[in-house]
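Undergrad: For reference, the sequence and a predicted model appear below.
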Amino acid sequence: MLLEDTKLRANALCEDIPLVWRKEQVLNSLLKDEKILPEIYESLHQEFDATLNKLKASTQDVIAEIDKQIAECNEKFKKLHSAKTHLEIESEIGEINEGSYKKSLEIILDGLKNVITEKNDLEALRTRLSSLLLGEEPAKTVEPVESVEPVAAETALSKEATTESPPSEPSITVRLK
């Protein structure tokens with residue numbers, strides 16, 4: 001799955017970049033304490049810089065991929081919300097029976113919940129990687145976003161659907177007749 005590949009690459013970068021920083025710090029300390037020759041320091045320093053530059057370039061590539069996946073989540077959210085709206089219309093005019101309505105609504109709401117969770121995960125990855133590029137050390141691994149439950153009023157979902165991106169937490173209530 002593309003998302004899993006992106007997560008693996010992001011986690012590897014989140015481990016590799018701080019490791020290179022730590023090596024650089026130890027190298028500087030060794031030079032300061034006169035435990036290594038300046039020539040050795042210079043050689044290793046250049047090697048670490050080159051490695052760090054490659055890792056930062058890879059980080060930019062992963063961030064670009066994450067941005068594409070976030071855009072896909074936004075599109076999926078809009079399509080699912082549109083499907084929900086059409087389902088509600090069909091139900092209100094009596095074109096769909098109650099059992100089909102309930103099952104269809106459940107499927108759509110599960111899809112919305114999954115898209116929101118996926119987008120939250122992607123945004124967390126993007127934040128961690130952006131922090132790396134700014135020189136901040138991230139936590140060791142990407143923490144999964146807690147399970148998201150539909151909880152607020154249906155009107156809140158309608159308001160969220162008009163924004164550019166899906167909400168960070170779902171706000172869906174199933175109204176059964």
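TA: Received the coordinates, thanks. Numbers count the residues shown, from 1 in each chain.

Undergrad: Secondary structure element holding L109?
TA: Here L109, judged by DSSP states H and E, is contained in helix 98-133.

Undergrad: looking only at pLDDT, what's the mean for that helix?
TA: When pLDDT is averaged along helix 98-133, the result is 96.

Undergrad: Give the buried residues for it.
TA: For helix 98-133, the neighbour count (16 or more other C-beta atoms under 10 Å) marks 101, 104-105, 108-109, 111-113, 115-126, 128-129, 132 as buried. For the C-beta atoms, the positions are set from N, CA and C on the backbone; glycine is no exception.

Undergrad: next one: the longest helix seen in the chain to chain centre, how far?
TA: Assignment by DSSP state H gives helix 38-92 as the longest helix of the chain. Distance of helix 38-92 from the chain centroid (C-alpha atoms, centre = their mean, to the nearest Å) equals 7 Å.

Undergrad: Stretch 108-126 now?
TA: 8 Å.

Undergrad: cool, stretch 105-124 as well?
TA: Mean-position distance between stretch 105-124 and its chain equals 12 Å (C-alpha atoms, centre = their mean).

Undergrad: Could you list the alpha-carbon positions for it in PDB?
TA: Provided in PDB are the C-alpha atoms of stretch 105-124 (Å, rounded to 0.1, in the frame of the first residue of the first chain):
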ATOM      1  CA  LEU A 105     -25.100   4.900   5.500                       C
ATOM      2  CA  GLU A 106     -23.000   2.700   7.700                       C
ATOM      3  CA  ILE A 107     -20.600   2.000   4.900                       C
ATOM      4  CA  ILE A 108     -20.300   5.600   3.900                       C
ATOM      5  CA  LEU A 109     -19.700   6.700   7.600                       C
ATOM      6  CA  ASP A 110     -17.000   4.000   7.900                       C
ATOM      7  CA  GLY A 111     -15.400   5.300   4.800                       C
ATOM      8  CA  LEU A 112     -15.500   8.900   6.100                       C
ATOM      9  CA  LYS A 113     -13.900   7.800   9.400                       C
ATOM     10  CA  ASN A 114     -11.100   5.900   7.600                       C
ATOM     11  CA  VAL A 115     -10.400   8.800   5.300                       C
ATOM     12  CA  ILE A 116     -10.200  11.200   8.300                       C
ATOM     13  CA  THR A 117      -7.900   8.900  10.200                       C
ATOM     14  CA  GLU A 118      -5.600   8.400   7.100                       C
ATOM     15  CA  LYS A 119      -5.400  12.200   6.600                       C
ATOM     16  CA  ASN A 120      -4.600  12.700  10.300                       C
ATOM     17  CA  ASP A 121      -1.800  10.100  10.100                       C
ATOM     18  CA  LEU A 122      -0.400  11.800   6.900                       C
ATOM     19  CA  GLU A 123      -0.500  15.200   8.500                       C
ATOM     20  CA  ALA A 124       1.300  13.900  11.600                       C
END
